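# Here is a sequence together with a model predicted from it:
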Amino acid sequence: MINDVDMVYYATGVEPNDALFNEIKQLGNIKVQKIGDARKPETVLEAVHRAYKVANSI
Amino acid sequence: MPALNLNLASNGFITKKLINFYSERAKGGAGMLIVGGCYVDLYGKGLPAMISIESDEYIPKLTEFTETVHKTRDDVKIVCQLYHGGAYTMPFIIGKTPIAPSAVYSNFSKTTPREMTLEDIKREQQAFADATIRAKKAGFDAVEICANAGYLFTQFISPKTNIRTDEYGGSLENRLRFPIETIELMRSSVDDFPIGYRISGDDFVPNSNTYKEKAIIAENLGKYLDYFNVTGGWHETKTPQTTMDVPEGCYTYLAENVKNKVSIPVFASNRINNPELAEQVLMARKADAICMGRSLIADPYLPLKAKKGELRDIMTCVGCNQGCFDAIFKMMPISCLRNARAANEAQTELKPLKEKKKIMIIGSGPGGLEAARVAAMRGYEVHIFEKNDKIGGLLNIIWIPPGRNEFKRMIDNYSYWIQKYGIHLHLEQEVTINTVKEFNPGVVFLSTGSNPITPPIPGIERENVFWANDVFNGDAPVGNNNVIIGGGATGIELAIYLAKYGALSLEAFDFLTLYKALEPDIALKMLHGGRNKVTVLEQLPKLGTALGKTTKWVLLDKCDALGVKFHTSVKLKKLERIL
């Protein structure tokens, strides 16, 4: 037990914010790809490398 | 460019990847490429994917290497760094017990080496001489002795690791006997071939040589050498040498310290990541040349861009170590957080545009921004939609904690590239499916980031509970007694931020102590911070599992110095108000 606490903060991870993905996909005529945390929470290095690869292969 | 083991050799042999990597750096305008370390003898091999120069069979590939890189730019100088790890290597790498001046346990390799016999000494000295002959045969322009970071040469010179009682130990004169004899043997083996020396400017290890002794050591060795390349301490030091929180140019005084004692050229190293800073070091006559390692991994074209005055175009190293040093110590090939092409040059050439399309990028975090840059460079019409009034996404949070500020450079870079490549930026544009329909792009990159996971703990909804990032945003208050749930990278960075919150600024410290307005020891305490109590609770048995090896201990030591308390394997039951 920890007493006399003023403030509590949580840093317990994140989950993708990809709500638009399926909606865009359903339009049918627009190609859509996820990049960065929207695909899967990852490091900046992973996000940058994937972005390079994806943007260089369209 | 200083030597950096890139972990790209194959059984000691030069690979295509190494040739491509250095050709690119030659094209980019670096004056001198120091390659290696190349181990001179199996006893010296420090990591599995290092380059070898231990026998003649390596010469043909090394020759192909120097020829190809010289062909890329004929005035680039290529230097072979000669390496011997001594006690800093491990039995599983060399298949036998490592050797060193004395059988002193190594804090780095966690190994106790065997004390070198006189025969061992003669053999390893000869290995350095033979390697020098091979380097010259293979077309290198010079050799450099790797006598930094705690390797064999420093092990002989340091009273901590050399406790011999024969002519190679004891007095400084005796401890310098191995280096001087070796250099003289190398000299007598080749005609007219420059020999440089990578020196630790201060070992930053208790009971070893400090900058004071280093000045004397440099003075003694200088007459046998053609240049000194000055870096910081040993791998086992508890003083951070390379991480992002090491202030830029912090260790240039070590080069100056050597330069004051010698008449040969002196290079400065460590966290010199931009041409303005490099120029300042030269103008202040602290050094005669600047060594940039990670900065040239991040942008091989830094020298050419500096020459042309295109400073904002330089993809600046942020000192994160994630792709380079963290990978090296994990025995993996290097990469780079900034530069996806680093050490993968052949596979990542930009592809020509097939058909011009409109690309819609939703969200401008690091992924979205990099995708925009690459697509725009290839010729696409790129539009970024960002719901906030500025670009960067999470980068705007990541750079705020103390010692993580270099990430801001990424935002500066991309701001420039948005202009340079004509990327259309739509700020304060919350995108819905209707926006996408109306805009009707050919391709959408969805880089809308993430949302925080709120832990399912009773009491989490209380009014004094906040998401970590809201503190960095300035949207959450800071208390005197704070608890952080989660001891990952963010939790640890938040702990440092909270503990230092309200500390005296550097400028105020400088001002108040210069005018003697405040006692220096009191001011120093206020500068370092630690006024707020912070406790971190982690459910796993380990802290910072996603942090790289080189950064993790630095952050945890900092927490320790600031009095942050950690509890691991915690199962948090509830948060409640007790009246």
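Noted; the coordinates are in hand.
# right, is stretch B:412-427 up against chain A?
No: using C-beta under 8 Å from any C-beta of the partner chain, stretch B:412-427 stays clear of chain A, with a minimum separation of 10.7 Å. C-beta: built from backbone N, CA, C; applies to glycine.
# and that stretch, which residues are buried?
Residues of stretch B:412-427 classed as buried: B:Asn413, B:Tyr414, B:Ser415, B:Trp417, B:Ile418, B:Tyr421, B:Ile423, B:His424, B:Leu425, B:His426 (neighbour count, 16 or more other C-beta atoms under 10 Å in any protein chain shown).
# Is the fourth one within a helix or a strand, and which one?
For B:Trp417, the element it lies in under DSSP states H and E is helix B:408-420.
# chain center to that helix, what's the gap?
On the basis of C-alpha atoms, centre = their mean, to the nearest Å, helix B:408-420 sits 22 Å off its chain's mean C-alpha point.
# The next helix or strand after that helix packs against which elements?
Using DSSP H and E, the helix or strand that follows helix B:408-420 in sequence is strand B:424-426. Judged by 3 or more C-beta pairs under 8 Å, 6 or more residues apart in numbering or on different chains; DSSP states H and E, the packing partners of strand B:424-426 are strand B:381-385.
# what packs against whichever helix or strand comes after the strand it packs on?
Counting by DSSP H and E, the element after strand B:381-385 in chain order, helix or strand, is helix B:395-398. With contacts defined as 3+ C-beta pairs under 8 Å, 6+ apart, helix B:395-398 has these neighbours: helix B:408-420, helix B:468-473.
# who are the neighbours in contact with the residue of the stretch 251-400 of chain B found nearest chain A?
Residue nearest to chain A within the stretch 251-400 of chain B: B:Gly367 (2.9 Å; C-beta to the nearest C-beta). The contact partners of B:Gly367, by C-beta atoms under 8 Å, 6 or more residues apart in numbering or on different chains, come to A:Ile35, A:Gly36, A:Asp37, A:Ala38, A:Ala47, A:Val48, A:Arg50, A:Ala51, B:Ser447.
# Quick one: neighbours of the last one, just the number.
To tie it back to what came earlier, the one meant is B:Ser447. As a burial measure, B:Ser447 scores 34 neighbours (other C-beta atoms under 10 Å in any protein chain shown).
# Could you do the second one as well?
Residues lying near A:Gly36 (other C-beta under 10 Å) number 31.
# Does it touch B:Pro366 like I think?
Yes: with contact defined as C-beta atoms under 8 Å, A:Gly36 counts as touching B:Pro366 (6.7 Å).
# who touches both of the two?
The contact lists of A:Gly36 and B:Pro366 share A:Ala47, A:Ala51, B:Gly393, where a contact means C-beta under 8 Å, 6+ apart.
# just to revisit the earlier point, how about CSV for the buried residues of stretch B:412-427, with pLDDT added?
Output for these, formatted as CSV (pLDDT from 0 to 100):
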residue, pLDDT
B:Asn413, 97
B:Tyr414, 98
B:Ser415, 98
B:Trp417, 98
B:Ile418, 98
B:Tyr421, 98
B:Ile423, 98
B:His424, 98
B:Leu425, 98
B:His426, 98
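# Of those residues, which is the nearest to B:Ile93?
Relative to B:Ile93, the closest of the buried residues of stretch B:412-427 is B:Asn413; by C-beta to C-beta it sits at 38.0 Å.
# of all the contacts of B:Gly367, which two lie farthest apart?
A:Ala38 and A:Val48 (14.2 Å).
# any idea of the mean pLDDT for the longest helix along chain B?
Ranked by residue count and defined by DSSP state H, the top helix of chain B is helix B:118-137. Mean pLDDT, helix B:118-137: 98.
# Just want the angle from the next helix or strand after it to helix B:118-137.
Moving toward the C-terminus from helix B:118-137, the next helix or strand (DSSP H and E) is strand B:142-147. Strand B:142-147 and helix B:118-137 are oriented at 150 degrees to each other (axes from the mean of the first three to the mean of the last three C-alpha atoms, to 10 degrees).
# Show me the contact partners of stretch B:288-296.
Contacts of stretch B:288-296 (C-beta under 8 Å, 6+ apart): B:1-2, B:4, B:25, B:28, B:30-32, B:34, B:229, B:231, B:242, B:259, B:265-269, B:272-274, B:278, B:281-282, B:302-303, B:316-317, B:319, B:321, B:324, B:336.
# What subset of the residues you listed is buried?
Listed as buried from the contacts of stretch B:288-296 are B:1-2, B:4, B:25, B:28, B:30, B:32, B:34, B:229, B:231, B:242, B:259, B:266-269, B:272-274, B:278, B:281, B:302-303, B:316-317, B:319, B:321, B:324, B:336; burial here means 16+ other C-beta under 10 Å.
# Which ones among those residues map onto strands?
Counted as lying in strands by DSSP state E, out of the buried ones among the contacts of stretch B:288-296, are B:Met32, B:Ile34, B:Asn229, B:Thr231, B:Val266, B:Phe267, B:Ala268.
# Dump those residues into JSON lines; add distance to B:Glu345 and pLDDT as well.
Formatted as JSON lines, those follow (distance: C-beta to C-beta, whole Å; pLDDT from 0 to 100):
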{"residue": "B:Met32", "distance to B:Glu345": "20", "pLDDT": "98"}
{"residue": "B:Ile34", "distance to B:Glu345": "19", "pLDDT": "98"}
{"residue": "B:Asn229", "distance to B:Glu345": "25", "pLDDT": "98"}
{"residue": "B:Thr231", "distance to B:Glu345": "26", "pLDDT": "95"}
{"residue": "B:Val266", "distance to B:Glu345": "31", "pLDDT": "98"}
{"residue": "B:Phe267", "distance to B:Glu345": "26", "pLDDT": "98"}
{"residue": "B:Ala268", "distance to B:Glu345": "28", "pLDDT": "97"}
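# Mind putting these into CSV with distance to chain A?
Listed next are those as CSV, based on distance: C-beta to the nearest C-beta, whole Å:
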residue, distance to chain A
B:Met32, 28
B:Ile34, 25
B:Asn229, 28
B:Thr231, 24
B:Val266, 34
B:Phe267, 29
B:Ala268, 28
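# out of those residues, who's nearest B:Glu576?
For these, the nearest to B:Glu576 is B:Thr231 (53.1 Å; C-beta to C-beta).
# which residues does the residue nearest to the closest one when sequence neighbours are not counted contact?
Closest residue to B:Thr231 apart from its sequence neighbours, by C-beta to C-beta, 6 or more residues apart in numbering or on different chains: B:Ser269 at 4.4 Å. Counting by C-beta under 8 Å, 6+ apart, B:Ser269 touches B:Pro2, B:Asn229, B:Val230, B:Thr231, B:Gly232, B:Tyr251, B:Ala255, B:Ile290, B:Cys291, B:Gly293.
# Next: B:Leu395.
Contacts of B:Leu395 (C-beta under 8 Å, 6+ apart): A:Val44, B:Gly365, B:Pro366, B:Phe407, B:Lys408, B:Met410, B:Ile411.
# Can you tell me how far B:Glu428 is from A:Ile35?
21 Å (C-beta to C-beta, to the nearest Å).
# Have a look at those two and say which one is more surrounded.
Applying other C-beta under 10 Å to B:Glu428 and A:Ile35 shows that A:Ile35 carries more neighbours, namely 28 against 10.
# Quick check: that one touching B:Ala371?
Yes: if you go by C-beta under 8 Å, A:Ile35 and B:Ala371 touch, sitting 5.5 Å apart.
# Find the residues that touch each one of the two.
With C-beta under 8 Å, 6+ apart, A:Ile35 and B:Ala371 have common neighbours A:Ala51, A:Val54, B:Phe445, B:Ser447.
# pLDDT for the residues you listed - can I get that in a markdown table?
A markdown table is the format used below for the shared contacts of A:Ile35 and B:Ala371 (pLDDT from 0 to 100):
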| residue | pLDDT |
| --- | --- |
| A:Ala51 | 98 |
| A:Val54 | 97 |
| B:Phe445 | 98 |
| B:Ser447 | 97 |
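# Neighbour-wise, which one of those leads?
Ranking the shared contacts of A:Ile35 and B:Ala371 using other C-beta under 10 Å puts B:Ser447 first, with 34 neighbours.
# Check the spacing between that residue and chain A real quick.
Separation of B:Ser447 from chain A (C-beta to the nearest C-beta, to the nearest Å) stands at 4 Å.
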